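**Q** From the sequence below, what's the structure:
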Amino acid sequence: MVDVAELSGERPRALEDLLVATAAGDRDAFSALYDATSARVFGLVRRLLVDSAQAEEVTQDVFLEAWQTAARFDPERGAAIPWLLTLAHRRAVDRVRASQASRDRDLKTGIRDLAVPVDEVAEAAEIAIEHEKVAEALTSLSPAQRECISLAYYGGCTQSEIATRLEVPLGTVKTRLRDGMIRLRDVLGVTT
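**A** Numbering: from 1, shown residues only. Below you'll find the predicted structure:
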């Protein structure tokens with residue numbers, strides 16, 4: 001088993017005493033605690049994060065958290081080094097998870113925003129063929145049905161506007177549109 005005194009170069013309780021003094025707001029104690037432990041904390045964080053700049057940032061966050069939460073440290077429950085390294089490990093893991101979540105979000109956004117190449121010539125040809133099929137299918141409708149569908153779909157008129165323009169009851173327009181659409185569906189071979 002490794003002795004805490006060997007790791008820190010201090011007597012075994014010195015780091016705990018510094019952490020307790022830090023909880024009381026002693027800046028000199030915090031400075032001494034930082035000097036004695038920052039290399040170990042940084043080393044752990046660096047192994048988990050790989051990126052040196054992020055490791056420095058997380059190490060700074062760890063010591064900020066240590067300063068702010070030193071009152072939670074209980075020397076009767078454990079030593080200062082494991083307490084600090086636990087803070088460091090948690091912060092480093094949080095950073096790894098946040099980084100991974102960010103990469104996943106960026107990937108999903110990138111895939112969603114990726115412009116899919118479109119063959120514009122083939123697209124235009126397909127639209128032209130579909131237009132011809134619809135125009136031919138419209139000839140199979142009665143003139144009244146064809147007029148109502150043309151006003152609705154090509155003219156952008158509502159059923160009420162069609163009824164007013166053709167001077168027929170609204171119910172008649174609805175019937176002509178419904179019957180015409182059923183006939184078009186059958187002629188074009190569209191299944192529901």
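**Q** Thought residue 44 was touching residue 92, still the case?
**A** Yes - between residue 92 and residue 44 a contact is recorded at 7.1 Å, counting by C-beta atoms under 8 Å. Where you see a C-beta, it was placed from the backbone N, CA and C, and this is true even at glycine.
**Q** packing partners for the host helix or strand of residue 84?
**A** Per DSSP states H and E: residue 84 is located in helix 80-113. Here helix 80-113 touches helix 4-8, helix 14-23, helix 27-49, helix 52-69, going by 3 or more C-beta pairs under 8 Å, 6 or more residues apart in numbering; DSSP states H and E.
**Q** Of those, flag the one that's most buried.
**A** Neighbour counts averaged per stretch over those are highest for helix 14-23, at a mean of 21; criterion: mean count of other C-beta atoms under 10 Å.
**Q** Show me what that helix is packed up against.
**A** Partner elements for helix 14-23 (3+ C-beta pairs under 8 Å, 6+ apart): helix 4-8, helix 27-49, helix 52-69, helix 80-113.
**Q** Just the mean pLDDT for it, thanks.
**A** Looking at helix 14-23 alone, the average pLDDT works out to 91.
**Q** Tell me how far it lies from the chain's centre.
**A** Offset of helix 14-23 from its chain centre (C-alpha atoms, centre = their mean, to the nearest Å): 42 Å.
**Q** same question, stretch 133-149
**A** 48 Å.
**Q** how long is that stretch from one end to the other?
**A** Its start and end residues considered, stretch 133-149 measures 15 Å (C-alpha to C-alpha, to the nearest Å).
**Q** Kindly reformat the helices and strands packed on helix 14-23 as a markdown table containing distance to residue 144 and mean pLDDT.
**A** Converted to a markdown table, these look like this (distance: least, C-beta to C-beta, whole Å; pLDDT from 0 to 100):
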| stretch | distance to residue 144 | mean pLDDT |
| --- | --- | --- |
| helix 4-8 | 94 | 46 |
| helix 27-49 | 74 | 93 |
| helix 52-69 | 73 | 93 |
| helix 80-113 | 46 | 87 |
